[in-house]
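# I'd like to go over a predicted model; first the sequence, then the structure.
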Amino acid sequence: MQRNNRGVVAALVGAASLWLCACSAKADVVASWNFNTLTSTVPATLQADGGAGVAKFAEFTSGVSTLTGTDVNAVVGDLAGQALTITGSSQNGKGVVFELNTTGMMQLSISMAARRSASGFSATTIDVWNGDTWQHAASFDASTTQWQQHQFSLAQFAFMNNASVKVRLLVEGATSGSGNIRFDNLRFEAVPVPGPGGAAVIGAASIALSTRRAARGEKASDGVRVAPAVVVKPIKKGGVVKPVTAPANRLVDQSKYGGSTKPANTDGLFAPLGMRPAFGGQSAAPVSSPSTPSAATVSPPKAGRSSRGSD
């Protein structure tokens, strides 16, 4: 039975681990933009190319255009077409706002490919809207020589789980009117919120693991150490069976004393001192004092009866 229980515990813990690994490893695209349909005209909004979401350019009246893009960080199947380009120091402090919905999702992240010119925007800031104000999430400086992937977790912002969210991409640091920065293959990803089945597996695994630790006598979370189950054997000394405190309902190995294995007394004690235990249905016989046993005072063993009790 104990081995079976261990098997159940191992199976539950394993199932929960596999479920968690699967969730953490598989992130779904919530919304993505490859900017391949973008033109040189500043758009009011731009719908996501994958998933569902909208990019808003309300802060810009100029400076938004396109240049050659890349396949760095591209969603599988997307071609290296156009890239979103922001140009000119007059655009410092402005940003594109991305709106999307994470219903049923959690642990949101953002990633993109980026590069800039030498006099382009040296600081790109990612902000999240908390319902009252923009809150800083991350910043980076794009390379001036090649496309690079930039990826950031937004999981620390719990208010973005299972909700309608806003994320702003703000640029600063351009030092000339021709300085620019390019963004391509921008995408938001998240993992599904655990369903009832996944939560049940984790809960069962937690209970099973706690039970297993208790059986091993490990320290519980409340600081109380739980004693493991034990098998108690009687202590024999000087021809007398000593009283032994044993947990109720525990089996005691009494076979070596002439009888079969039987449960200990409910009060945890064996036969009183000075009396031979009546194992196997035999009547008890008086014995001498445990301190000075002698042949004159101890009744010889009857035929067919074990004499090991007087060893």
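Okay, I see it.

# List of residues touching the helix or strand containing K166?
Assigned by DSSP states H and E, K166 belongs to strand 164-172. Contacts made with strand 164-172 from outside it, assessed by Cβ atoms under 8 Å, 6 or more residues apart in numbering, are listed as 86, 91-102, 108, 110, 121-129, 134, 137, 154, 181, 183, 186, 188. C-beta coordinates here come from the backbone N, C-alpha and C atoms, glycine included.

# Now do the strands for the stretch 101-250 of the chain: every range, in order, please.
Secondary structure of the stretch 101-250 of the chain (DSSP state E, counting those that start in this stretch): strands at 105-116, 123-129, 134-140, 148-153, 164-172, 180-192, 236-237, 240-241.

# Nearest to A74 among those would be which one?
Among the strands of the stretch 101-250 of the chain, the nearest to A74 by Cβ to Cβ is strand 180-192 (4.4 Å).

# Averaged pLDDT, that closest one. What do you get?
Within the predicted structure, the mean pLDDT of strand 180-192 is 98.

# Tell me which other helices or strands it touches.
Other elements packing on strand 180-192 under the criterion 3 or more Cβ pairs under 8 Å, 6 or more residues apart in numbering; DSSP states H and E are helix 2-25, strand 28-33, strand 50-51, strand 82-87, strand 94-101, strand 105-116, strand 164-172.

# so who does the residue nearest to V171 when sequence neighbours are not counted touch?
Sequence neighbours aside, F121 is the residue nearest to V171 in space, at 4.0 Å (criterion: Cβ to Cβ, 6 or more residues apart in numbering). F121 makes contact with 86, 91-92, 142, 171-174, 179-181 under the criterion Cβ under 8 Å, 6+ apart.

# Just the buried residues of the residues you listed.
Burial of these was assessed by neighbour count (16 or more other Cβ atoms under 10 Å); the buried members are 86, 91-92, 142, 171-174, 179-181.

# quick one on the thing from earlier: to G51, which of the strands of the stretch 101-250 of the chain lies closest?
strand 180-192 (7.5 Å).

# Return the set of buried residues in that closest one.
Buried positions in strand 180-192, judged by neighbour count with 16+ other Cβ under 10 Å: 180-191.

# ok, now stretch 100-120?
Within stretch 100-120, the residues that qualify as buried are 100, 102, 105-117, 119-120, counting by 16+ other Cβ under 10 Å.

# how long is that stretch from one end to the other?
End-to-end distance of stretch 100-120: 28 Å, with Cα to Cα, to the nearest Å as the criterion.

# Now that stretch: average pLDDT?
Averaging pLDDT along stretch 100-120 gives 98.

# And stretch 136-153, by the same measure?
Across stretch 136-153, the average pLDDT comes to 98.

# For that stretch, buried residues please.
Along stretch 136-153, these residues count as buried under the neighbour rule (16+ other Cβ under 10 Å): 137, 140, 142, 147, 150.

# contacts for that stretch?
70, 72-73, 107-118, 120-128, 154, 157, 167, 181, 184.

# swap the cut-off to 6 Å and go again
Here stretch 136-153 makes contact (Cβ atoms under 6 Å, 6 or more residues apart in numbering) with 70, 72-73, 109-116, 118, 122, 124-128, 154, 181.

# Can you dump the C-alpha atoms of it in PDB for me?
Listed in PDB are the C-alpha atoms of stretch 136-153, where the atom choice follows Å, rounded to 0.1, in the frame of the first residue of the first chain:
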ATOM      1  CA  HIS A 136       8.000  52.400 -16.800                       C
ATOM      2  CA  ALA A 137       8.700  48.700 -17.700                       C
ATOM      3  CA  ALA A 138      12.000  48.600 -19.700                       C
ATOM      4  CA  SER A 139      14.500  50.600 -21.800                       C
ATOM      5  CA  PHE A 140      17.100  49.800 -24.400                       C
ATOM      6  CA  ASP A 141      19.500  51.300 -26.900                       C
ATOM      7  CA  ALA A 142      19.300  49.900 -30.400                       C
ATOM      8  CA  SER A 143      22.400  48.900 -32.400                       C
ATOM      9  CA  THR A 144      23.700  51.300 -35.000                       C
ATOM     10  CA  THR A 145      25.200  48.600 -37.100                       C
ATOM     11  CA  GLN A 146      22.700  45.700 -37.300                       C
ATOM     12  CA  TRP A 147      19.300  44.400 -36.500                       C
ATOM     13  CA  GLN A 148      19.000  42.900 -33.000                       C
ATOM     14  CA  GLN A 149      16.200  41.200 -31.100                       C
ATOM     15  CA  HIS A 150      15.000  42.900 -27.900                       C
ATOM     16  CA  GLN A 151      12.600  41.000 -25.600                       C
ATOM     17  CA  PHE A 152      11.100  42.000 -22.200                       C
ATOM     18  CA  SER A 153       8.800  40.300 -19.800                       C
END
